[in-house]
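Q: turn this into a model:
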Amino acid sequence: MSEVMELNAFTEELLRQLRATDQFGNWAKLSDEELLTKKFVKTKEDLKAIPIIADIDEMLIGEIKMIFKAVALQFERKTGVMCNVVMEMSHEGFGRCIVIADRIVLVDKYFKDAHRFSFRTLDKLYEEGQKHLDKAHDIYAQFKPCMKD
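A: Here you go, the predicted structure:
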């Protein structure tokens, strides 16, 4: 992993999530960098092999949701406020994923062509996840005073 992005909170939680889903130890021999690359990084050549119009499989939907679960869990760890991740995806790869804390929407991400979802580099994955996490904290701090019990 790159030294700059190695220890960000998002990456640590995403790795916890991935390792927890490895029921049979298939990924135990893979380094963290190899595992993240295998799951979330696709080169331009990899994307050319994926058709423009295709159905999305359940495994990929779970991996996309896992990214937002990592954001939600790290937010919970830091603030103590429970989060929910809600994802709606059509078989064609159109949909939305939101992260909610209390009644505040922390992350709202729309997808089209989700069957081609990926990042070009690990650094882009780390940056995107940490950006969602930082923005979630900012949004919660901004709107928390507006909530009435």
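
Q: quick one, what contacts the residue lying closest to Lys44 once chain neighbours are set aside?
A: Excluding the flanking residues, the one nearest Lys44 by CB to CB, 6 or more residues apart in numbering is Arg120, at 7.7 Å. C-betas here are computed from N, CA, C, even on glycine. Taking CB atoms under 8 Å, 6 or more residues apart in numbering as the criterion, Arg120 is in contact with 41-44.

Q: quick one: pLDDT of Arg120?
A: For Arg120, the pLDDT comes out at 94.

Q: phi first, then psi, for it.
A: Arg120 has phi and psi values of phi -80, psi -30 when expressed as degrees, to the nearest 10.

Q: and the gap between it and Lys69?
A: Applying CB to CB, to the nearest Å, the value for Arg120 to Lys69 is 22 Å.

Q: ok, now Gln23?
A: In terms of CB to CB, Gln23 sits 17 Å off from Lys69.

Q: same question, Pro145
A: With CB to CB as the criterion, Pro145 and Lys69 are 27 Å apart.

Q: with Val41 instead?
A: Val41 is 19 Å from Lys69, by CB to CB.

Q: what is the burial count for Lys69?
A: Here the number of neighbours of Lys69 (other CB atoms under 10 Å) works out to 20.

Q: can you list the weak-confidence ranges in this protein?
A: Low-confidence segments of the chain (pLDDT under 70): 1-7, 149.

Q: where do the helices sit along the chain?
A: 9-20, 32-40, 44-48, 58-79, 122-143 (DSSP state H).

Q: pick out the most distant pair among the contacts of Arg120.
A: Val41 and Lys44 (11.5 Å; CB to CB).
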